[in-house]
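In: Need the 3D shape of this:
(2 chains)
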Amino acid sequence: MAINITGHDIVKAAALLGAGIAMGLGAIGPGVGEGFAAGKACESIGRKPEEAGLITRTMLVGQAVSESTGIYSLVVALLLIFVV
Amino acid sequence: MLDIQTLVGLSKDLSAGLCIGLGAIGAALGEGYTAGFANKAISQRPEKGGDIAKSMLVGQAMAESAAIFALVIAVLLLFMDVSSAHPLKAFALIGAGLSMGFGAFGSAVGGGYPAAEACLGISRQPTVTGELITNMLIGSAVCQTPAIFAMVISLILMFIGFENEPLNPTWAALIAAGLSTGLSSIGSGIGGGMPAGESCAGIARNPESAGQITTAMLVGQAVAQTPCIFGLLVSFILIFKEPSATNSIVPAIALLSAGICMGLGGIGPGIGNGYAAQGAVKWIARRVEASGTLTRIMLVGQAVSQSTAIYAMVVSLVLIFVL
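Out: Presented below is the predicted three-dimensional model:
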């Protein structure tokens, strides 16, 4: 079976491949970073269990900030899939 | 001009090489790590040298199992009969090699952590050698799960026939299926090893709480396996969804991209979940009365860390089903 490749197909295919790579690589950093924050929060709660509320709140704020690059990747991936 | 059989034969040999070449990296790293800490442990307590060496060898054998899976797949690939194979088999075999090759990495590295900490634990607290070895075996057995998933995908890709499927988009789906499970197994394997190592250290420090420590380790490890289960799910969808024939390159690249996305996207959350579980297990061993709070915060932290793996899965599913 012959595969027809037009210029438009190349652009579309590259955009889709780019979307997968963007979201895939972009997920690595936030995943590791948020887990690291959670690990350190558990260690701090172990040291001072009476501050568990404050530590959990701070952990969640820190993770939310660390999440931002993951969300950027998601947005870029969806733009590449649906807009380009 | 290459005929189909030569092409499938080439891909089978290339895939066997990739499988054992990539699959051996992790085992060497994990076992070397164990041996280094076993030496340290023996220097701290030379009279327990025999027990420590024994525990090192048992732990290394567990870490080795992922590389043995890769060897088995590589040998099966080398001696496979492809004399009447369909052209799609060439791509399925490359996918099989990539899946098992990448999939062995994380489990073998992860299996090295509990083995190393068990050796250090024996030098610290020789009276609990039995408990330490049991806990190490449980922990490193769970670490092998991602490698087993990768082996399942490899075997499916090697032994299922693809005669009725259209050549064009399916070739990409088969390579992508291998990449999805293989790459996402890296994170889950390493992430499963981190709490297992810390729990061996914790049992040596506080042997009376061994039950709570092992339970927390298993909960943490189970959550750390989630990204590679997402990877396995995407692989199954890619293998068993029958795409419609097309002569455009776009659907094929979308399927390939879905596999790369889920595979790479699973690495980070797996390692992150391991960090979270490691912190919780470390402090459950030191302060067992806080284990309820620690387990809860560990699960909340792991759930947040999981979010990027879920984004990657959503993007993969959009690439597979929407386009």
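In: can you tell if stretch B:242-250 touches chain A?
Out: Yes: contact between stretch B:242-250 and chain A is present through B:245, B:247-250 (criterion: CB under 8 Å from any CB of the partner chain). Where you see a C-beta, it was placed from the backbone N, CA and C, and this is true even at glycine.
In: what about residue 42, which helix or strand?
Out: No chain was given, so I picked chain A. helix A:7-47 (DSSP states H and E).
In: Please refer instead to chain B.
Out: Assigned by DSSP H and E, B:Ile42 belongs to helix B:4-44.
In: All the helices of the stretch 201-323 of chain B, residue numbers only.
Out: B:210-224, B:226-240, B:250-286, B:291-317 (DSSP state H, counting those that start in this stretch).
In: which one of these has the most crowded surroundings?
Out: Neighbour counts (mean count of other CB atoms under 10 Å in any protein chain shown) averaged over each of the helices of the stretch 201-323 of chain B peak at helix B:250-286, with a mean of 30.
In: re the thing from before, can you name every helix or strand that the helix holding B:Ile42 contacts?
Out: For helix B:4-44, the packing partners by 3 or more CB pairs under 8 Å, 6 or more residues apart in numbering or on different chains; DSSP states H and E come out as helix B:49-78, helix B:88-124.
In: closest to A:Ala64 out of these?
Out: Closest of the helices and strands packed on helix B:4-44 to A:Ala64 is helix B:88-124, at 27.4 Å (criterion: CB to CB).
In: how about the closest one, does it reach chain A?
Out: No: judged by CB under 8 Å from any CB, helix B:88-124 makes no contact with chain A; its nearest approach is 12.1 Å.
In: Now for B:Ala173, how many residues are close by?
Out: As a burial measure, B:Ala173 scores 30 neighbours (other CB atoms under 10 Å in any protein chain shown).
In: One more: B:Ile94?
Out: B:Ile94 has 22 neighbouring residues, counting by other CB under 10 Å.
In: So what's the residue count around the residue nearest to B:Ser248 when sequence neighbours are not counted?
Out: Spatially, and ignoring its direct neighbours in sequence, B:Ser248 is nearest to A:Asp9 (5.7 Å; CB to CB, 6 or more residues apart in numbering or on different chains). Neighbour count of A:Asp9, defined by other CB under 10 Å: 15.
In: from memory A:Asp9 sits against B:Ala252, does it?
Out: No: applying CB atoms under 8 Å as the test, A:Asp9 and B:Ala252 come out as separate, 10.4 Å apart.
In: Residue 80: neighbour count?
Out: I went with chain A, as the question did not name one. Counted with other CB under 10 Å, A:Leu80 comes out at 22.
In: not quite, I wanted chain B
Out: Neighbours around B:Met80, by other CB under 10 Å: 20.
In: State the distance from A:Ala52 to chain B.
Out: A:Ala52 is 5 Å from chain B, where distance means CB to the nearest CB, to the nearest Å.
In: shouldn't that residue be in contact with B:Arg287?
Out: No: shown here, A:Ala52 and B:Arg287 do not form a contact pair, counting by CB under 8 Å, at 11.9 Å.
In: returning to that earlier point: adding mean pLDDT as columns, could you present the helices of the stretch 201-323 of chain B in a markdown table?
Out: Shown next, in a markdown table, are those (pLDDT from 0 to 100):
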| stretch | mean pLDDT |
| --- | --- |
| helix B:210-224 | 94 |
| helix B:226-240 | 95 |
| helix B:250-286 | 95 |
| helix B:291-317 | 95 |
